[in-house]
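Asks: got a predicted structure plus its sequence, pasted below:
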Amino acid sequence: MTPEQVAAASKPLVLELGEMFARCPATLHRARLLGISGWAFHIAGRAGVLGDVQAATVSAALGFVAPDAVADGWDAAARVHGPLEVATANLAECCRWGSEHLTAVPGVTLLATLLHRVVDAADSSGMPLFAAWRAVPPPDDSPGARAAAGLLLLREHFAGAYLLAVRAGGMTPLEAVLAGPEGEAGALTCGWPPPYPRVGPLVRRRLWAEAVTDRLVSTGFRALTPAEGTELLDLLTTARAVVQGRAPY
């Protein structure tokens with residue numbers, strides 16, 4: 001498989017696994033302990049690594065979340081904690097989840113190694129969130145925690161590349177969300193209020209953006225040999241099965 005093919009095949013696995021910790025009840029409990037809502041923890045936990053910036057800057061970096069929704073979460077968290085404090089808690093929860101759920105994955109040490117090789121080789125141009133997170137060492141160096149941190153980083157890389165590709169394709173972030181598989185439900189989840197523009201003519205542009213995303217992200221996957229790329233896909237597939245309780249062994 002080529003690096004671009006590995007990037008395309010790994011994308012749904014990375015996107016799914018990379019956000020599982022955020023939906024974990026223990027993560028939501030951490031938000032309550034901090035005295036903020038789950039939404040505020042999600043926004044500030046993800047973007048707090050940028051530091052004490054304005055909500056408009058966070059909105060520009062996140063891209064696919066409505067600016068008003070970003071401001072609601074960002075400002076609510078800032079009234080209680082500094083952005084870096086929330087980001088640190090977010091990464092700690094990511095590593096905690098990885099230790100609890102990925103340690104049992106066969107080959108988890110290799111999975112963590114391959115993920116971080118891809119992340120270290122990736123081009124961060126135009127991707128401030130990815131670049132910021134890559135500069136933060138994980139607080140837990142165990143294999144499961146390192147794998148979870150690698151998934152978080154690679155997920156941010158995919159998200160940043162997709163945002164670049166969407167804008168290059170002439171779409172707004174809202175149009176890209178509407179043209180995606182969740183449609184208007186996805187737009188509501190991201191805080192965009194109706195009415196919505198028609199999406200029919202946008203589907204082809206979204207597919208083009210998906211292909212460009214794979215091309216942009218493939219730079220990191222060039223750090224792997226073809227055999228290692230295939231092995232990474234196998235490990236990601238196994239990790240998803242283990243986490244979902246469907247271990248294939």
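Replies: Nice, I can see it.

Asks: grab the longest helix from the chain for me.
Replies: Longest helix in the chain by number of residues (criterion: DSSP state H): helix 143-168.

Asks: so how far is G220 from the spatially most central residue of the chain?
Replies: For the chain, the residue nearest the mean C-alpha position is R155 (3.2 Å; Cα atoms, centre = their mean). Distance, R155 to G220, by Cβ to Cβ, to the nearest Å: 13 Å. Placement of C-beta: from N, CA and C, glycine included.

Asks: on that earlier part again, buried ones in the longest helix of the chain?
Replies: Across helix 143-168, burial judged by 16 or more other Cβ atoms under 10 Å covers 143-166.

Asks: can you check stretch 76-95 too?
Replies: Buried, per 16+ other Cβ under 10 Å, within stretch 76-95: 76-78, 81, 83, 86-95.

Asks: quick one: the strands in the protein?
Replies: Applying DSSP state E to the chain gives no strands.

Asks: could you report the neighbour count for the spatially closest residue to L235 that is not a sequence neighbour?
Replies: Using Cβ to Cβ, 6 or more residues apart in numbering and skipping the chain neighbours, the partner closest in space to L235 is L111 (4.2 Å). As a burial measure, L111 scores 25 neighbours (other Cβ atoms under 10 Å).

Asks: who are the contact partners of L111?
Replies: Contacts for L111 (Cβ atoms under 8 Å, 6 or more residues apart in numbering) come out as 102, 105, 143, 147, 150, 232, 235-236, 239.

Asks: now with 7 Å?
Replies: Listed by Cβ atoms under 7 Å, 6 or more residues apart in numbering, the contact partners of L111 are 105, 147, 235, 239.

Asks: the first one contacts R240, doesn't it?
Replies: Spelled out, that is V105. No: if you go by Cβ atoms under 7 Å, V105 and R240 don't touch, sitting 9.4 Å apart.

Asks: looking at these two now, which is surrounded by more residues?
Replies: For V105 versus R240, neighbours defined as other Cβ under 10 Å are more numerous around V105 (24 against 18).
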